[in-house]
Structure formats: C-alpha cells, structure tokens
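Q: Attaching a predicted model along with its sequence, questions to come.
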Amino acid sequence: MGFEESALARLRRYREEADRSLGQVREAEATARQFADRLFAGLEYTAVLARQAGFGLETVFAGGAIDLRAVAGPDSGAGVSFGAVPGAAAETDEDLMHEELSHYSLQPSGYSGRILGWSEEAGEAPCQTFAVYRDGVWKTKGLFVARARGKVDDPEDVLNGFCLRIVGRLIDLASLTGGAGRRWSDELYSLKDLLEGRHAPTALRWPR
C-alpha cells in the first residue's frame, strides 16, 4: 500500500472516531438540556405552590435560564438563577462523576453536560452545579442542595420533590429560617460606606 492509500485509511479511521466522539458529546449536551427543561418546569410548578401558601415567589425565564426570587416580607428576599451551559466536557470533579466512571479516563462516555446555579447572595461564582450524563444520570452538589443524584426520566413526583428542596432553601434564605441568613463579617466598613448607603459587611450563612 502506497503512502496516499495508507494516509487515507488512517484519516478515515480518525474521521470515524471523531464522529463517534462528537456524537457522544452532543448526546450529553442534549441530555443536559432535556433535564434542564424538566428541572425548570418543576421549579415553576413548586413556585406556584409556594405562592398558594402565601409566599411571594417570582419566576422569570430569560436567555435559556430561570430566575427565582422569594420574598418573605419587606427587605426580606433572596434569589437564584439556573441555566444549562452549552457543550459538554470530561468531568473532573470526583463528587460529580458517574458511579460507573470512578476509575476515570478522558473518554467521551465520561463527558457531562452542566447546569449551573447562581445566587445574588453568594457572589458571582456558581453556587450549585449539576453534571448530566448521556445515559440520563445526573448528580449535583452545592449550597442549595449539598449532594443529590437522580435520572433524567425520574417520575414527576420525584423531581418535584427535589425542586421543593431548592425552593425551601430559597425561602429559608429569604425569611432567615432554618438556620439561613447572614452574619457579620470582618470586612472593613467605614463611616464613608455608611454615609454612601453601602450594604453592611455581612456574609452568607447557609442552612445544612
């Protein structure tokens, strides 16, 4: 076999491997979007129940994300936003790895799509992370839910129960119940800060 034939044979194998790998990555991304749709619907449904129970709980969909804000009373509110991140990548966080991939290698079967959560009370970094795999397994860790796992096709009651945990934590934070709230920090706070109306030097405390 000449060079050209040998090179073409090798490149065709590369093409097959690339197609297979990219297909699995796209599947992981699509599965994450599928779970995000169900998660957002569950949060919206739970927010409706919270409003029926007397809480001010607003939900807004914007740019592929859902924003939730709980209001328990005057100057007593908290918010969280969740959004699916485009793409998929090799999962390197051991707490979020698929159980069958504990001896991890950088294979497309170990790729996960991600859904991230941000809270205005926790700064700019994500405070909740979901890893979603192409076979439908999802795992999460963070401040609203310390650790949990499930399947994309879990029954609605199961997923809605999980969403209730998130909304409950949000209400805890808004109403300072369940050990949630803010504590005084050691951050410098000057007379100028006071006169300019800047927020008091406090840090978020999450219920466990």
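A: Nice, I can see it. Residues are numbered from 1 along each chain as shown.
Q: what helices or strands is the lengthiest helix in the chain leaning on?
A: Identified as the longest helix of the chain according to DSSP state H is helix 3-52. On a contact count with 3 or more C-beta pairs under 8 Å, 6 or more residues apart in numbering; DSSP states H and E, helix 3-52 meets strand 56-62, strand 65-73, strand 76-90, strand 111-118, strand 128-133, helix 156-175. Placement of C-beta: from N, CA and C, glycine included.
Q: Run the chain-centre distance for that helix.
A: Distance of helix 3-52 from its chain centroid, counting by C-alpha atoms, centre = their mean, to the nearest Å, is 17 Å.
Q: pLDDT on it, on average?
A: Here helix 3-52 scores 91 as its mean pLDDT.
Q: And for stretch 112-125?
A: 87.
Q: CA atoms only for it, dumped as CSV, please.
A: Provided in CSV are the C-alpha atoms of stretch 112-125 (Å, rounded to 0.1, in the frame of the first residue of the first chain):
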residue,chain,number,x,y,z
SER,A,112,-21.1,15.5,31.1
GLY,A,113,-23.3,18.5,30.3
ARG,A,114,-23.7,21.0,33.0
ILE,A,115,-26.4,23.1,34.6
LEU,A,116,-25.2,25.8,36.9
GLY,A,117,-26.9,27.9,39.6
TRP,A,118,-26.1,31.4,40.8
SER,A,119,-27.4,33.3,43.7
GLU,A,120,-27.1,37.1,44.2
GLU,A,121,-26.4,36.4,47.9
ALA,A,122,-23.4,34.1,47.1
GLY,A,123,-21.4,36.2,44.7
GLU,A,124,-20.6,35.7,41.0
ALA,A,125,-19.3,32.1,41.2
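Q: Could you measure from Ala146 over to Lys139?
A: Ala146 sits 12 Å away from Lys139, going by C-beta to C-beta, to the nearest Å.
Q: Now Trp138: which helix or strand?
A: Under the criterion of DSSP states H and E, Trp138 resides in strand 137-142.
Q: which is the next helix or strand following that strand?
A: strand 147-151.
Q: got the buried residues for that next one?
A: By neighbour count with 16 or more other C-beta atoms under 10 Å, strand 147-151 contains the buried residues Gly150.
Q: And it, what does it pack against?
A: Going by 3+ C-beta pairs under 8 Å, 6+ apart, strand 147-151 lies up against strand 137-142, helix 156-175.
Q: could you dump the ones you listed to JSON lines with mean neighbour count, distance to Leu194 and mean pLDDT?
A: Output for those, formatted as JSON lines (neighbours: other C-beta atoms under 10 Å; distance: least, C-beta to C-beta, whole Å; pLDDT from 0 to 100):
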{"stretch": "strand 137-142", "mean neighbour count": "21", "distance to Leu194": "33", "mean pLDDT": "95"}
{"stretch": "helix 156-175", "mean neighbour count": "19", "distance to Leu194": "25", "mean pLDDT": "91"}
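Q: I'd like to know which of these is closest to Ala47.
A: Closest to Ala47 of the helices and strands packed on strand 147-151, according to C-beta to C-beta: helix 156-175, at 6.5 Å.
Q: and the closest one, what other elements does it pack with?
A: Against helix 156-175 (3+ C-beta pairs under 8 Å, 6+ apart) you get helix 3-52, strand 56-62, strand 65-73, strand 76-90, strand 147-151.
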